[in-house]
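1. predicted model and sequence below, questions to follow.
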Amino acid sequence: MTDLPRYEYVKLADAIAADIASGKLPQGAALPGERAMTDVYGVSIGTVRRAIVELRKRGLVATLPAKGTYVIGTPESAPDSPGNENGTAD
């Protein structure tokens, strides 16, 4: 049952996570602002906000109020990445 549709915010979060994994968005890099992301990805601001929340849950980004959202990790180092289900490093 891998053919289930995914929510748009999950698709966006996955796309950004792929950019982080590829090095296009290295650790410490700032993500574009929410409004800019709506134009770049062609989604609503609500979708962008939910995607950022998803990326925070994955441990990939952190948001600093009035400063922006920054890359803090990679998909391999995220607590819920495959092979690291318990959130601790082996």
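-> Looks like it came in fine.
2. and the closest residue to residue 10 other than its chain neighbours, helix, strand or coil?
-> Distances taken as CB to CB, 6 or more residues apart in numbering place residue 54 nearest to residue 10, at 6.5 Å, with adjacent residues excluded. The way it works is simple: take the backbone N, C-alpha and C, and place the C-beta from them, glycine included. Secondary structure state of residue 54, per DSSP: H, G, I helix; E, B strand; the rest coil, is helix.
3. is it true that residue 61 touches residue 68?
-> No: Residue 61 lies out of contact with residue 68 (CB atoms under 8 Å); the separation is 9.8 Å.
4. the two - which one has more neighbours?
-> Each of residue 61 and residue 68 has its neighbours counted (other CB atoms under 10 Å); residue 61 has more, 26 against 14.
5. can you give me every residue that contacts the residue positioned nearest the centre of the chain?
-> Geometric centre of the chain, nearest residue: residue 55, 3.2 Å, by CA atoms, centre = their mean. Residue 55 is in contact with 13, 16, 17, 61, 69, counting by CB atoms under 8 Å, 6 or more residues apart in numbering.
6. what about the residues you listed, which are in helices?
-> Members of the contacts of residue 55 lying in helices (criterion: DSSP state H): 13, 16, 17.
7. the helices in this protein, which residues?
-> Under DSSP H, the chain gives helices at 8-22, 34-41, 45-57.
8. in a markdown table: those, plus distance to residue 73 and mean pLDDT.
-> What follows is those, written out as a markdown table (distance: least, CB to CB, whole Å; pLDDT from 0 to 100):
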| stretch | distance to residue 73 | mean pLDDT |
| --- | --- | --- |
| helix 8-22 | 8 | 96 |
| helix 34-41 | 19 | 95 |
| helix 45-57 | 10 | 97 |
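9. looking at these, which is closest to residue 76?
-> Across the helices of the chain, residue 76 has its closest neighbour in helix 8-22 (7.5 Å, CB to CB).
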